[in-house]
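>>> Just a sequence and a predicted model for now, questions to come.
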Amino acid sequence: YGRPGGETVVGRSQVGASAATRRSNGSARFHPPVPHEAKTPTCTSRSTPGSPTFSRVSSEEFVEVSYIFNGDWVDRGRHQLEVVMLLFALKIIYPSSVWLNRGNHEDIGQNMKTSRKGSLGFDRACEAQLGQTQGSIAFNEIHRVFDWLPLAARVGHKILVLHGGLGGGEWTLEDLKGVQRPLPSCDLATVLEGAVYNVLWSDPIAPDHRNPARTYGVHPSHRAKHGSVMKGFGRDVTERFCRREQLGLIIRSHQFKQSGKGYELHHDGWLMRVFSARNYCGESSNDGGVLLIGTAEGEPEILLVRPQNLERMAKAVSNRGQTPAEIAATLGLNPAEPYCQRGHLMHLVEPRPPSGFFSLSRLCGDRMVNAECNLCGAERLEVGRFYTCRACCDFDLCLGCARQEGRSAEDGGG
């Protein structure tokens, strides 16, 4: 693993503490420790098509934050090669600010399996972009880099960021530091008696109120591959691991949820999931998420994790000009969740809190002083509850119009 510095951003990508060095032939090789160490503030996310871009960030602003990309950049979406090249370029330009964690799809065997199942695996994506000969060369050279990637990152000595999970949780951070690289695909399931494979693949056990005994301990994974190695881990495993390694939180990615936010707390707050690819594979209606990790004001020993939700988009851009109800009806969306005319999910705003409390008005500025319904023209919406589009920042609905739009959607739109 490695140790990134400064403010750290956590997502499905890596954090590490070593720069890329150049070989004589001009290609880059990454040698960050495993796990690497990230400074705060840190931004963590899963970098796949649909994740945020850095096109509006200046060089000076960029280096003030450490960025952890927590794996799984390939095997999904149409821009796999572009995503990997962007991440490699950022790592070369900002070696002390960008950290790349290995995920379970940074695995040559997994890429080929994805293609055999009929999906666009990374091998096929390279050939589609570069042709069969050059695509094959690029695919294999990129995997030479993947084999050197760290498996985890630690932020401020208190937060561990890895792609998958803990498995049985019997390994230590010192064990992970001792993993020798390059680490090819054929060795992933056997190194550290399967611990490395679980770092990439394992999942937490969800609460089960009917059978609480099954939510504790270590159980076989529901995933088919290497079922004897891959494990699901309970809340007790997470807490025991954190206490032993003196951690306050483990951040993971790996699991896509069909709906809901791009982040989620598990195991009584010892574990957190972040998944940054909204509208996963361009077909789903999930939100994405990014985590910002910083220190408490005046108390640098305390780390704070602030999640940022990336609202899902309506799938069809051609819906512009339709009413929110028509958009919801066309896409089969829940009419109880209003969408603006550009297809953004709108949010319910509560009455403004007393002075001194954080509120949405701090994000949207003076516009919230006299919010107006874009359909009926009602004014002073901020006095009560109303819906607003945080992406557009110029589209609001009163509750009456939002309910009317919902009824129209249920009746077929219009």
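Cool, got the structure.
>>> what bits of the chain have low per-residue confidence?
Where the chain drops to pLDDT under 70, the residues are 1-36, 39-42, 44-63, 224-227, 314-337, 343-345, 350-369, 390-391, 405-414.
>>> The strand ranked longest in the chain pairs with which strands, parallel or anti?
Longest strand of the chain, by residue count under DSSP state E: strand 299-310. With DSSP bridges as the test, strand 299-310 is paired with strand 288-296 (antiparallel).
>>> Give me the distance from the partner strand to the chain's centre.
11 Å (Cα atoms, centre = their mean, to the nearest Å).
>>> Quick one: the strands in the stretch 101-250 of the chain, in order.
With strands called from DSSP state E, counting those that start in this stretch, the stretch 101-250 of the chain shows them at 152-155, 159-162, 203-204, 218-220, 231-233, 249-252.
>>> Quick check: which of those strands has the most neighbours on average?
Each of the strands of the stretch 101-250 of the chain was assessed for mean neighbour count using mean count of other Cβ atoms under 10 Å. The highest is strand 152-155, with a mean of 32. C-betas here are computed from N, CA, C, even on glycine.
>>> Packing partners of it?
Packed against strand 152-155, as judged by 3 or more Cβ pairs under 8 Å, 6 or more residues apart in numbering; DSSP states H and E, are the following elements: strand 2-4, strand 36-38, strand 65-69, strand 159-162.
>>> Just send those strands back as a markdown table, with distance to residue 230 too.
Listed next are the helices and strands packed on strand 152-155 as a markdown table, based on distance: least, Cβ to Cβ, whole Å:
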| stretch | distance to residue 230 |
| --- | --- |
| strand 2-4 | 24 |
| strand 36-38 | 24 |
| strand 65-69 | 23 |
| strand 159-162 | 14 |
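>>> so which of the ones you listed gets nearest residue 139?
Of all those, strand 65-69 sits nearest to residue 139, with 19.6 Å by Cβ to Cβ.
>>> got the CA coordinates for that closest one in PDB?
Extracted C-alpha coordinates of strand 65-69, given in PDB (Å, rounded to 0.1, in the frame of the first residue of the first chain):
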ATOM      1  CA  VAL A  65      -5.200  17.700  -3.000                       C
ATOM      2  CA  SER A  66      -4.200  14.000  -3.300                       C
ATOM      3  CA  TYR A  67      -6.400  12.000  -5.600                       C
ATOM      4  CA  ILE A  68      -7.000   8.300  -5.000                       C
ATOM      5  CA  PHE A  69      -8.500   6.300  -7.900                       C
END
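>>> could you give the angle of it to strand 288-296?
If you take axes from the mean of the first three to the mean of the last three Cα atoms, to 10 degrees, strand 65-69 sits at 140 degrees to strand 288-296.
>>> Can you get me a residue count around residue 370?
Neighbour count for residue 370, taken as other Cβ atoms under 10 Å: 11.
>>> circling back to that earlier point, with distance to residue 389 added, can I get the strands of the stretch 101-250 of the chain in JSON lines?
As requested, the strands of the stretch 101-250 of the chain are exported to JSON lines (distance: least, Cβ to Cβ, whole Å):
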{"stretch": "strand 152-155", "distance to residue 389": "33"}
{"stretch": "strand 159-162", "distance to residue 389": "32"}
{"stretch": "strand 203-204", "distance to residue 389": "34"}
{"stretch": "strand 218-220", "distance to residue 389": "43"}
{"stretch": "strand 231-233", "distance to residue 389": "39"}
{"stretch": "strand 249-252", "distance to residue 389": "29"}
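>>> any idea which of the helices and strands packed on strand 152-155 is most buried?
Per residue and on average, the most neighbours among the helices and strands packed on strand 152-155 fall to strand 65-69, with a mean of 32 (mean count of other Cβ under 10 Å).
>>> so when I look at residue 394, I'm seeing a helix, right?
No. Counting by DSSP: H, G, I helix; E, B strand; the rest coil, residue 394 is not found in a helix; it is coil.
>>> What about it, how many residues nearby?
Other residues near residue 394 come to 11 when the count uses other Cβ under 10 Å.
>>> now it: how far from residue 278?
Going from residue 394 to residue 278 by Cβ to Cβ, to the nearest Å gives 21 Å.
>>> Helices along the stretch 1-150 of the chain, start to end?
Per DSSP state H, counting those that start in this stretch, the stretch 1-150 of the chain carries helices over the ranges 59-62, 80-93, 108-116, 122-130, 132-146.
>>> mind checking which of those helices is nearest residue 221?
That would be helix 108-116 among the helices of the stretch 1-150 of the chain, by Cβ to Cβ, at 15.1 Å.
>>> got a list of contacts for stretch 116-123?
Contact partners of stretch 116-123, identified using Cβ atoms under 8 Å, 6 or more residues apart in numbering, comprise 74-78, 80-81, 105, 111-115, 128, 135-136, 139, 142.
>>> For residue 186, list the residues it contacts.
residue 109.
>>> how near is it to residue 132?
According to Cβ to Cβ, residue 186 and residue 132 sit 24 Å apart.
>>> What of residue 301?
55 Å.
>>> Equivalent analysis for residue 212, please.
Relative to residue 132, residue 212 is positioned 54 Å away (Cβ to Cβ).
>>> now residue 124
With distances taken as Cβ to Cβ, residue 124 is found 10 Å from residue 132.
>>> which of those two has more neighbours?
The neighbour comparison of residue 124 against residue 132 (other Cβ under 10 Å) goes to residue 124, with 19 against 10.
>>> Burial check on the closest residue to the more buried one other than its chain neighbours, number of neighbours?
In space, and not counting its chain neighbours, residue 124 is closest to residue 115: 4.8 Å by Cβ to Cβ, 6 or more residues apart in numbering. When neighbours are counted by other Cβ under 10 Å, residue 115 registers 17.
>>> ok, now which ones touch residue 115?
121, 123, 124.
>>> quick one: which of the residues you listed is nearest residue 159?
Closest approach between the contacts of residue 115 and residue 159, by Cβ to Cβ: residue 121, at 32.0 Å.
>>> tally of neighbours for that closest one?
For residue 121, the tally of surrounding residues (other Cβ under 10 Å) stands at 24.
>>> ditto for residue 144
13.
>>> Relative to residue 393, how far out is it?
45 Å.
>>> repeat for residue 310
Distance of residue 310 to residue 393, given as Cβ to Cβ: 16 Å.
>>> For these two, indicate the residue with more neighbours.
Ranked by neighbour count (other Cβ under 10 Å), residue 310 and residue 393 place residue 310 first, with 23 against 13.
>>> Kindly give a single PyMOL line that selects the buried subset of the contacts of stretch 116-123.
In PyMOL, a selection of the buried entries from those looks like this (16 or more other Cβ atoms under 10 Å):
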select buried, resi 74+75+76+77+80+81+105+111+112+114+115+135+139+142
